[in-house]
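Trainee: Requesting a structural model of the entry that follows:
(chains A and B)
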Amino acid sequence: MKLRDMTELAVRNLREAILRNSLTTLGVAVGVASLVAMLSLGVGLQQLASSRLNKSGLFDSIFVTAKTNLRGPGAGPPATRAASPKARPLDEDARAEITKLPDVIEVYPQIRFFTEVHFDGKPFATVVAGMPESSKQSGSFDGMQGSFFSSANADEAILQIEFAKELNAQTKDLIGKDLVLRYAERQSLASESGGTAQNSGGFSVVPKEKHLRIIGVVETEPASGFGGFGSGRLLIPLPVAETLRAAQVNDLRDVLRSGSSPDKPAYASLSVRVKSPSLVDATEKKIKDLGFSAFSLLDASKSLRIFFSVFDLLLGIFGSLALAVATLGIVNTLVMAILERRREIGVLKALGAADGDVKQLFFVEAGVMGLAGGVLGVLLGWLIGQALTFATNVYLKRQDLPGVQISSVPLWLIAGAIGFAVLVSLIAGLYPASRAAKLNPVDALRYE
Amino acid sequence: MSVSASPTDQAAVQPAIQIDNVSRHYVMGESCIRAVDDVSLTVPTGEFLALLGSSGSGKSTLLNLMAGLDRPTSGAIHSGGRNLAELSALELARYRRNTVGMVFQSFNLLPRMTLEENVELPLRLAEVERSERAARVREALEHVRLAKRTGHRPSELSGGEQQRTAIARALVNRPKILFADEPTGNLDSATGEAILTLLSEIQSTMGMTIVMVTHERHLAEKFANRLATMGDGKLLSTSTNSSASDVSPRATAVTGQ
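Mentor: Residues are numbered from 1 along each chain as shown, chains lettered A, B, ... in the order given. This next block holds a predicted model:
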């Protein structure tokens, strides 16, 4: 029999016992739905986690410091360590050199300093942090009040919400207002005449003021790369922070270190961003070859991926359990159908249906139930995912957190789930179909 | 066994079915039931043969063997130059599909299909083109004078109409032999007679070979060309029926035991 005729007959047969077959199909649908819902959660959470992590810059960043000889036992007396030819200061030259490496997007220092802010005539102590332009994409500023810096050199500030609340409980009212930053500028001492470079390592600290306009309030504590020293509570554009030349905690240490000159202040650390996490390894190695310490969180990212693979597998197994139960439903329904349609099978055989025709008919019936169940199940699974996302977002909103999409049904999951449902149904149809095909037509026709 | 025919008619009188020493035994537990026991019979082309006998005489089993629904335990059944006993399951299905048509006592129409769809079923199995099917279904239904009730379901028809639909279904693939197993068994006598009149018309107009199992001797004597009587699985006698109404077979063959 041709497939079209076969399908017509199969659908007709399925319609005949509509209640039983609908229930069986619904069983398959629920099985597929649980599988799709589970996997869509797995996929969605993975996407959420990896996009957050990618945006955070943790996995495409390399943290660079000067090769310090200060920690680790057994490295020999300080004298020999200092003589190491690879120990280079992490200064402007180094920054330029690292920037020139292939696949490097940006290199920026960590600038963070304690300071005093005057607002409304009152002083507030806080920590200022410079934010690189790229941090806008990190996701940390999603859902902020106000807006991100208008340009890299704008005299603007974004406040962390806890700090903003200290200034004004109604944080919205702060936007557009000005505040004054009081900080200590580092000025190098002019070399005395006849002095050598050895003597010129000092600087003086001069109090300065900077007027900034508040343009936004952010709820999270944006990490400016990793290896930071606690988050800043008043955020300004990184280039602005650099021009301030504010005295930082590690300046004193740098002064004591040989090789650093006041004209080229050394950075405590640099964050290097590469084009993609896959390039981190190679770039990290190159930076090390230049003579700096470098490390990244790539290993953590790898174990994250392993975690999600196992997580997906477990979700898939739990989801499949319901489908396995549904499979038994298909076997049951078709075996019942054989008993009921014994005579019909006999008639078909008497009219010239081969064993293969009868087998295929039952097979197609199982396949149609699988297909219908699969399509319905995907729809149902997607709805469950949406419902979970909705419920999660309601919860998050109550906690004053931005919403997220925790379930995702990619095309491969749709196709895979429907294909799997059909496959499983066909396997379930194997036994009933071959049993129906084996019926002896004489016995089947005698059956009342 | 002897076949008499003039040499010029050789092709025409090649028997539709030739049964040689056929047995069909069923083993049930320790006992062996000889449903058909060493039967030889020739059915010439164009003949209307009635198989008579009491219940359990083996006439239906013999019919099933001839129709390719069952296989003999021993012996050979030749039809169209092939031995049915040696055909594969698939070839046997093809034989049932293309060479023979089957009519049953209980009609065996599929209840959820309309008349039209019931009659179309063998065409689906034979993979006849859709475009051709409608015409052939109409033709078959016209033959049994049911062309106006194509959309009805079997339950909406009388017994006679149902049996006529079953005959249309048996004819739609243009078979060479029509097998009827007690076709009048579920019908009142007037309707039964009408059905047999129809069969005998089909025999004469289409040159169809018909083998009918019945226990109603008077009907057999009225319509069949030849009567074969069975008892205890054996063929007891065959007799040419000179009183058969209008139709005369093209060849008369007598097979003795």
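Trainee: Going by C-alpha atoms from here, please, whenever you check contacts or count neighbours.
Mentor: Fine.
Trainee: what are the phi and psi values for the nearest residue to A:Asn21 once chain neighbours are set aside?
Mentor: Closest residue in space to A:Asn21, ignoring its immediate chain neighbours: A:Leu14 at 6.1 Å, by Cα to Cα, 6 or more residues apart in numbering or on different chains. Note on A:Leu14: its backbone torsions stand at phi -70, psi -40 [degrees, to the nearest 10].
Trainee: ok, now how distant is the residue in the stretch 301-448 of chain A positioned nearest to chain B from A:Ala437?
Mentor: Per Cα to the nearest Cα, A:Gly352 is where the stretch 301-448 of chain A lies closest to chain B, at 3.8 Å. Using Cα to Cα, to the nearest Å, A:Gly352 is found at 13 Å from A:Ala437.
Trainee: And those two? Which one has more around it.
Mentor: Legend: neighbour count by other Cα atoms under 10 Å in any protein chain shown for A:Gly352 and A:Ala437, higher for A:Gly352 (30 against 24).
Trainee: circling back: now for the residue nearest to A:Asn21, how many residues are close by?
Mentor: 19.
Trainee: got a pLDDT number for it?
Mentor: Note for A:Leu14: predicted pLDDT of 87.
Trainee: I'd guessed it sits against A:Gly367; true?
Mentor: No: using Cα atoms under 8 Å, A:Leu14 is not in contact with A:Gly367; the gap is 11.2 Å.
Trainee: B:Leu235: which element?
Mentor: Assigned by DSSP states H and E, B:Leu235 falls within strand B:234-240.
Trainee: What average pLDDT does that strand get?
Mentor: Mean pLDDT, strand B:234-240: 92.
Trainee: and the closest residue to chain A within the stretch 1-150 of chain B, what does it touch?
Mentor: Closest residue of the stretch 1-150 of chain B to chain A, Cα to the nearest Cα: B:Arg97 (3.8 Å). Residues near B:Arg97 by Cα atoms under 8 Å, 6 or more residues apart in numbering or on different chains: A:Ala350, A:Leu351, A:Gly352, A:Ala353, B:Pro122, B:Leu125, B:Ala126, B:Asn173.
Trainee: and the third one, that's in a helix?
Mentor: No: under the criterion used here (DSSP: H, G, I helix; E, B strand; the rest coil), A:Gly352 is coil, not part of a helix.
Trainee: Just give the closest residue to residue 107, not the sequence neighbours.
Mentor: Using chain A here. Counting by Cα to Cα, 6+ apart, A:Val107 lies nearest to A:Val272, which is 4.5 Å off, once chain neighbours are set aside.
Trainee: you looked at the wrong chain, it should be chain B
Mentor: B:Gln163 (5.5 Å).
Trainee: do you know how far that neighbour is from B:Arg145?
Mentor: Taking Cα to Cα, one finds B:Gln163 at 12 Å from B:Arg145.
Trainee: Verify the contact between the residue nearest to A:Val107 and A:Ser61 for me.
Mentor: Yes: if you go by Cα under 8 Å, A:Val272 and A:Ser61 touch, sitting 5.4 Å apart.
Trainee: and the two? which has more neighbours close in?
Mentor: The neighbour comparison of A:Val272 against A:Ser61 (other Cα under 10 Å) goes to A:Ser61, with 31 against 27.
Trainee: returning to what we had before: could you check which of B:Gln163 and B:Arg145 has the larger neighbour count?
Mentor: The residue with more neighbours, out of B:Gln163 and B:Arg145, is B:Gln163; 28 against 16, by other Cα under 10 Å.
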